[in-house]
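Peer 1: here is my input, please return the structure:
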Amino acid sequence: MVKKTFLALGLMTIVFPVVAFAADPSGAMLDMGLNSLWVMLAFILVLLMQGGFILLEAGSTRMKNAGHVAGKTIFTVGLAALIYWAVGYGVAFGGANAESTISKFIGWGDFFVNPGTSGDPTTEGFPSAVFFLFQLAFAAISLSIAWGGFAERAKLSSYIVFTLFYIAIIYPVVAHWIWGGGWLADHGAQDFAGSTVVHLSGAVAAFVATVLLKPRIGKFNKDGSANEILGHNQVFTALSVLLLWVGWFGFNAGSTVAIGDGFFTYVAFTTMLGAGAGGVAALLISWAVTGKADITAMLNGTLGGLVAITASCAFVDPWAAVVIGLVSGVLVFYSVKMFEKLKVDDPIYALSVHGMAGIWGTLANGIFATQELADKVGVGTGGLIDTGSWKQLWVQLESVVFAGVFVLVTSFIVLGVMKKIMGFRVTEEQEIIGLDLSEHGAYGYPEQLKKPGQGLQG
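Peer 2: Purely as a prediction, here's the structure:
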């Protein structure tokens, strides 16, 4: 039975393209179908990265908050889907063909998206419905990065309110500037899959949150020295990195949004090199500096390599992808120490992994991008090494500064008002008990919770 099933599927993969091509000699319908399947697969891979974020945040924090981490992630992704459908997508991509000045700064249109049952094709030649899903997954990833600054001390209600503003306005405006035909796109900003749009935006929001929330109880002593608050499960953290790494191929390679000539495989290739180099560099630098090969540093370095190569994966040669990854691994290691000295409590290292590596990855395009690949992608120009021109590096710096400042200011306004009106940190008692019990009334590891008088075997 199994053999017959596989045989039937094999015949379908041969017969379907032949029939489709015979019915449509130009091959347009076949191309649209293949592109749609590819983008849908990429959407699924990026959505599954949320599983990586659940394990990353749960593994990097304490056991008493594990259930909260998992539950609020699923809830906020669902809430983000509704808000992005109603408002966010329209701000990011609405009115893409408009010529007005305001359209260069904010999209307007396509609110409450309705692609129709037939899935009206976009200008890229695949249904607009699948493009919406793909972009939604990116928005949700950026939101999950922002949650790093909320970890172990924010009220559940604060997640709900901030999701509303972040997905409706903050993230979509940056996406519009660079991906939706906005003013930075006109300048030739190169951010293939989101080192700035997704990662830097999320990291800046996380920075604002962690500053306004202040450090967790016990993180810093009165003399300014820091205490290490260990995560409860390093295996979870390692597994999270693997899940995120796999999902990143949907993130980066999927951003080609086409099967075409197979260019997506080149993007996946440079992505792999950047990630590997980031992990190796972080492990070696931690070993050299501390005398121990730090597993956490290595895991963060791998993610930093992925973040950094995200902007440049379609624009650089393989050797440059390795260099970008190596630099990001070292950068993440030292920036973690820098933020700790600044008394910024960053439980899942979002500021270093997504913020500093995101900045470096975006700027790296201005150094390493080749003219040949820039022409192929159709965005910007070659970087300093290939062309001898500073133009692209300036555009990349412009992207980092303006996107970063916009998210910084808007997040401070939103979270500052939230702090004043509703308060968004739990009480000291609730934080000590843990968010599982104080926010949800149930423990993520119920077998560890014993009722008064209950024995060890109870």
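
Peer 1: centre of the chain to the longest helix along the chain, how far?
Peer 2: Ordering each helix of the chain by length in residues (DSSP state H) puts helix 28-60 first. Relative to its parent chain, helix 28-60 has a centroid offset of 12 Å by CA atoms, centre = their mean, to the nearest Å.

Peer 1: so which bits of the helix or strand that comes right after that helix are buried?
Peer 2: Downstream of helix 28-60, the first helix or strand assigned by DSSP states H and E is helix 66-83. Buried residues in helix 66-83, counted by 16 or more other CB atoms under 10 Å: 66-73, 76-77, 79-81, 83. Quick note: C-beta positions are derived from backbone N, CA and C, even for glycine.

Peer 1: equivalent analysis for stretch 174-186, please.
Peer 2: By 16+ other CB under 10 Å, the buried positions in stretch 174-186 come out as V174, A175, H176, W177, I178, W179, G180, G181, G182, W183, L184, A185.

Peer 1: now swap in stretch 140-158 and tell me
Peer 2: Buried residues in stretch 140-158 (16+ other CB under 10 Å): 140-156, 158.

Peer 1: now do the longest helix of the chain: which elements does it pack against?
Peer 2: Counting contacts by 3 or more CB pairs under 8 Å, 6 or more residues apart in numbering; DSSP states H and E, helix 28-60 is packed against helix 2-23, helix 66-83, helix 128-146, helix 234-252.

Peer 1: rewinding a little: closest to N233 among the buried residues of helix 66-83?
Peer 2: Nearest to N233 out of the buried residues of helix 66-83 is A66 (CB to CB; 8.2 Å).

Peer 1: pretty sure E57 contacts G71?
Peer 2: No: assessed by CB atoms under 8 Å, E57 is found out of contact with G71, at 11.6 Å.

Peer 1: show me the helices in the stretch 351-458 of the chain, by range?
Peer 2: Under the criterion DSSP state H, counting those that start in this stretch, helices of the stretch 351-458 of the chain are mapped to 357-368, 371-377, 384-387, 391-421, 428-433, 435-440.

Peer 1: so which of those comes closest to S255?
Peer 2: helix 371-377 (10.0 Å).

Peer 1: what sits up against the closest one?
Peer 2: Residues from elsewhere that reach helix 371-377 (CB atoms under 8 Å, 6 or more residues apart in numbering): 190, 192, 263, 314-317, 380-382, 386-387, 392.

Peer 1: which pair in these spans the largest distance?
Peer 2: Of all the pairs that the contacts of helix 371-377 form, the one spanning the most space (CB to CB) is F263 and T387, at 21.3 Å.

Peer 1: ok, F333 - contacts?
Peer 2: A282, I285, S286, V289, A297, N300, G301.

Peer 1: check what pLDDT the fourth one gets.
Peer 2: Note for V289: predicted pLDDT of 96.

Peer 1: how much space separates it from G181?
Peer 2: Separation of V289 from G181 (CB to CB, to the nearest Å) stands at 45 Å.

Peer 1: repeat that for the first one.
Peer 2: A282 is 37 Å from G181, where distance means CB to CB.

Peer 1: can you pull out the low-pLDDT segments for this protein?
Peer 2: Low-confidence segments of the chain, defined by pLDDT under 70: 1-28, 30, 96-99, 116-125, 449-458.

Peer 1: repeat that for 50
Peer 2: In the predicted model, the chain carries pLDDT under 50 at residues 2, 5-6, 9, 11-22, 455-458.

Peer 1: was I right about G231 contacting T237?
Peer 2: Yes: the pair G231 / T237 is scored as a contact, 6.2 Å apart, by CB under 8 Å.

Peer 1: return every residue with contacts to both of these two.
Peer 2: Shared contacts of G231 and T237 (CB under 8 Å, 6+ apart): G59, S60.

Peer 1: these two: which has the busier surroundings?
Peer 2: Counted by other CB atoms under 10 Å, G231 and T237 do not tie: T237 has more neighbours, with 22 against 19.

Peer 1: in space, what's closest to that one - neighbours in sequence excluded?
Peer 2: Spatial nearest neighbour of T237, chain neighbours left out: G59 (3.7 Å); criterion: CB to CB, 6 or more residues apart in numbering.

Peer 1: again, but for N35
Peer 2: Nearest to N35 is F126, by CB to CB, 6+ apart, at 4.3 Å.

Peer 1: spit out the contact partners of that neighbour.
Peer 2: Contacts of F126 by CB under 8 Å, 6+ apart are M32, N35, S36, V39, V257, A258.
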